[in-house]
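> Here's my sequence, what's the structure:
(chains A and B)
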Amino acid sequence: MKNYNDLILRTMTQLIAFILLGFSVYLFFAGHNSPGGGFIGGLMTAAAFILMYITYGFDNMSKVLPINFRAVLTIGLLVATLSGIGAFVFGEPFLTQTFGYFNLPIMGETELATAMIFDLGVYLTVVGVTMTIILTIATDQKEDSQEQAGM
Amino acid sequence: MSNLAVLPIVIPLIASVISAFIPKKLGLSRFIAKLFAIIFLVYAGYLAWVVFTDGIIVMQASGWAAPFGISIVADYLSVTLVLITSILTTAAVFYAPSSLSQLQESYYFYTFMFLMISGVVGAFLTGDLFNLFVFFEVLLMASYGLIVLGGGKVQLRESLKYVLFNVFSSMLFVTTIGFIYASVGTVNMAHLAERIQEAEQAGILTGLAVLLFFVFAIKAAIFPLYYWLPNSYIVPNPVVSALFGALLTKVGIYSILRVFTLIFNHDIGITHEIFTWLAIFTMLFGVIGALSTQNVKLIVTYNIIPAIGFILMGISLYSSAGIEGSVYYLVHDMIIKAALFFLVGALVVAAGTDDLRKMGGLITRYPVLGWLFFIGSLVLAGVPPFSGFIGKILLLRGSLEQEEILLTVAALITSLLILYSMIRIFVRGFWGDTVEGLPEGQNKKVRHLTIPAAVLLAISIFIGIGAEFIYPHVETIANMLLDRAEYINAVLRE
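Alright, predicted model coming up:
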């Protein structure tokens, strides 16, 4: 990776990854009422991460983004499940969602929906799964690959 | 109240997620697995009690009324199967630490196992055809993880076949659902039942019914679609084989039972006639497979197939004796298959091999295991007073009532051959001269492996001897399946 003449890739990545991440956040928040959502937002975030991995290499990225994506995946699953169970507390059927309007500083009157919490779970799960799969495939020649030991 | 119905899906899911956080801390994840399995067991018992006393519980997810939302229906049949699943889960959790290597256990065994249980339970509880597909996918995903656990070369080879077969059948499943939705405009099972009744299952609908049967037949391993099953079920660890053998094919046959009693029951001349012939072939070919091999794991695995044949036989009769027999046999077979897989796992540890020709005289060293295996064989073959007998006598009675002589004869021959195939393990493996070179120092491990199997066997014997207690419940289930109105009203009218 280091010997490539990848000036164009590096320059473009700085721009594109930024746009991708921003757009993924937009998609995530648009999710529950218009096209978008946790799934597509998560995929787009993962796409941005992978672009960065391709450009800067695995070792550099591991330092910049020291995230255990398997933990992200599990936290996402937990959040999604718990948001469904949350309805039990109010005596409503599983997965029931609600929304309300709140006055937030800076944002003004904003709609907040509990579907966002479920979507957040989906988002984290998708990022976790995609990154785990791709990084596992990409690193399976390495000695430190954890998957090889037991799988 | 309605949330009661969804908790059996949620509890294993939470267990799965929590154990995914701590795969390497074996002590803790074992404890959590046992804790959740017991919570699940107690809860499933409670739910079964509530449903059998107060009637069907329906949960409309997010409060969207059927047929627009997704219904989770805890009816008599599903809660019974959920209860059995929870019993098997608990047994498996106690069996697993002695059966799996620590490395296998730490590679997300409990996560995959509970995820699979969640999918199985979801498939039992869902009242929506598309959701049935979704839960099939959940349990298949988890089973892909379980089948390669350990990563042996054979496992990878067999798992490829397993995955290809299942991906193909899932594809066909979702296509069929698309066809059904296009022709009647709903996927809610109760709503489908009403609409197909109005259409009198005319024209293309019977064709779709057969297509749907084909999909479930691949999952349930019905003749001639069982090719993938035997080899892919013996390659994983015994505890995984036990869960596969006891749950996965049963989900397929449960779907047939549900769909062809609730929805597609207006053209029995075509659909159920096909079932009769396939039941005969499934029984005979399955048991011939069991006789053809000297591998003890393979013998038990092949015995899954005739059991599916027996259950299909009852569905094909479509009479109260037939359906009662099917339900009884289904309940009986889930438990005894798991018990036998557990026992065979212990046998393989004790003998150090799975080749029957290299075993012998194990009864002197492991008398308890030997006699449990003997009883298990009798239960499976349906020797009175054990549970297999009650199921079979109901099936045979139903079959004779309708003068299906060929079916009756095939069922009787199959029972006899099942007994022969199982007793062969007992005679060759446990009797005879002790073979040289048996592994030493396995007594403690074998004992740990035998206890969960013994508990399952005790439950199985209770299902046979306690038929007076069990039978009225089976009758309730069969009446609900044949009458349909109670199920449809519970989903659509409340």
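
> okay, CA-based contacts and neighbour counts for the rest of this
Fine.

> which residues does whichever residue of chain A sits closest to chain B contact?
Distance from chain B to each residue of chain A (Cα to the nearest Cα) is smallest for residue A:96, at 3.6 Å. The contact partners of residue A:96, taken as Cα atoms under 8 Å, 6 or more residues apart in numbering or on different chains, are A:84, A:87, B:61, B:62, B:63.

> which regions of the chain lie under the pLDDT threshold?
I'll assume chain A. A:1-5, A:140-151 (pLDDT under 70).

> Chain B is the one I meant
Chain B contains residues with pLDDT under 70 at B:1, B:437, B:441, B:494.

> ok and the residue in chain B nearest chain A?
Nearest residue of chain B to chain A: residue B:62, at 3.6 Å (Cα to the nearest Cα).

> ok, that residue touching residue A:91?
No - Residue B:62 is beyond contact range of residue A:91, at 11.5 Å (criterion: Cα atoms under 8 Å).

> Would you mind giving both backbone torsions of residue B:382?
In terms of degrees, to the nearest 10, the main-chain angles of residue B:382 are phi 90, psi 40.

> The residue of chain B closest to chain A and residue B:185: what is the separation?
Plainly put, residue B:62 is 21 Å away from residue B:185 if you go by Cα to Cα, to the nearest Å.

> Look at the two and report which has more neighbours.
residue B:62 (18 against 13; other Cα atoms under 10 Å in any protein chain shown).

> which residue ranges form the strands in the chain?
Just going to use chain A. If DSSP state E is used as the criterion, the strands of chain A fall at A:99-104, A:108-113.

> The chain in question should be chain B.
Going by DSSP E, chain B shows strands at B:57-60, B:71-74.

> would you turn those into a markdown table with mean neighbour count and distance to chain A?
Formatted as a markdown table, the strands of chain B follow (neighbours: other Cα atoms under 10 Å in any protein chain shown; distance: least, Cα to the nearest Cα, whole Å):
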| stretch | mean neighbour count | distance to chain A |
| --- | --- | --- |
| strand B:57-60 | 26 | 7 |
| strand B:71-74 | 27 | 10 |
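
> got the residues of the stretch 1-150 of chain B near chain A?
B:2-3, B:6, B:10, B:13-14, B:17-18, B:20-21, B:59-63, B:103-104, B:107, B:148-150 (Cα under 8 Å from any Cα of the partner chain).

> gap between the two ends of stretch B:14-30?
Stretch B:14-30: ends 15 Å apart by Cα to Cα.

> Ok, stretch B:438-446 next?
Span of stretch B:438-446 from end to end, Cα to Cα: 13 Å.

> Touching it from outside, list them.
Against stretch B:438-446 from outside (Cα under 8 Å, 6+ apart): B:98, B:346, B:347, B:349, B:350, B:351, B:352, B:366.

> Buried residues of it, list them for me.
Residues of stretch B:438-446 classed as buried: B:438, B:446 (neighbour count, 16 or more other Cα atoms under 10 Å in any protein chain shown).

> can you give me the offset of that stretch from its chain's centre?
30 Å (Cα atoms, centre = their mean, to the nearest Å).

> what's the answer for stretch B:376-396, then?
For stretch B:376-396, the distance to the chain centre is 17 Å (Cα atoms, centre = their mean).

> distance between the ends of that stretch?
End to end - Cα to Cα - stretch B:376-396 spans 22 Å.

> Now do the buried residues in that stretch.
B:376-383, B:385-396.

> can you check stretch B:38-53 too?
Result for stretch B:38-53 [16+ other Cα under 10 Å]: buried residues B:38, B:39, B:40, B:41, B:43, B:44, B:45, B:47, B:48, B:51, B:52.
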